[in-house]
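Colleague: predicted coordinates and the sequence they were generated for:
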Amino acid sequence: MFDNLKGLKDKALEFAADHGELVAQGLEKAADVVDSKTDGKYSDRIDTGVEKAKGFLDGLGDQRSSH
């Protein structure tokens, strides 16, 4: 079971590294929906989370290009 989860994680990381821009766009859309549903109450936290996630994606892309 854990091997399957590890394989799934590896595939997800590979997809994110290969399609970082698409994933980032999805993050932005999801953030907009959550921000709307919470009436902007958590805007700062949502923005911070999205920026951290984008930074992680950038790091994945950098790792893939250096291999």
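Modeller: Yep, it's here.
Colleague: the residue positioned nearest the centre of the chain and residue 26: what is the separation?
Modeller: Nearest residue to the geometric centre of the chain (C-alpha atoms, centre = their mean): residue 53, 4.7 Å. According to C-beta to C-beta, to the nearest Å, residue 53 and residue 26 sit 10 Å apart. All C-beta spots, glycine's among them, are computed from the backbone N, C-alpha and C.
Colleague: surely residue 58 touches residue 23?
Modeller: No. At 10.9 Å, residue 58 does not count as touching residue 23 under the criterion of C-beta atoms under 8 Å.
Colleague: low pLDDT regions in the protein?
Modeller: The chain contains residues with pLDDT under 70 at 1, 63-67.
Colleague: biggest helix in the protein, by residue count?
Modeller: helix 43-65 (DSSP state H).
Colleague: so for it, what gets flagged as buried?
Modeller: 46, 50, 53-54, 57, 60-61 (16 or more other C-beta atoms under 10 Å).
Colleague: can I get the residues you listed in TSV with distance to residue 17?
Modeller: Formatted as TSV, the buried residues of helix 43-65 follow (distance: C-beta to C-beta, whole Å):
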residue	distance to residue 17
46	24
50	18
53	13
54	13
57	8
60	4
61	6
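Colleague: nearest to residue 8 among those residues?
Modeller: For these, the residue nearest residue 8 by C-beta to C-beta is residue 60; the value is 15.9 Å.
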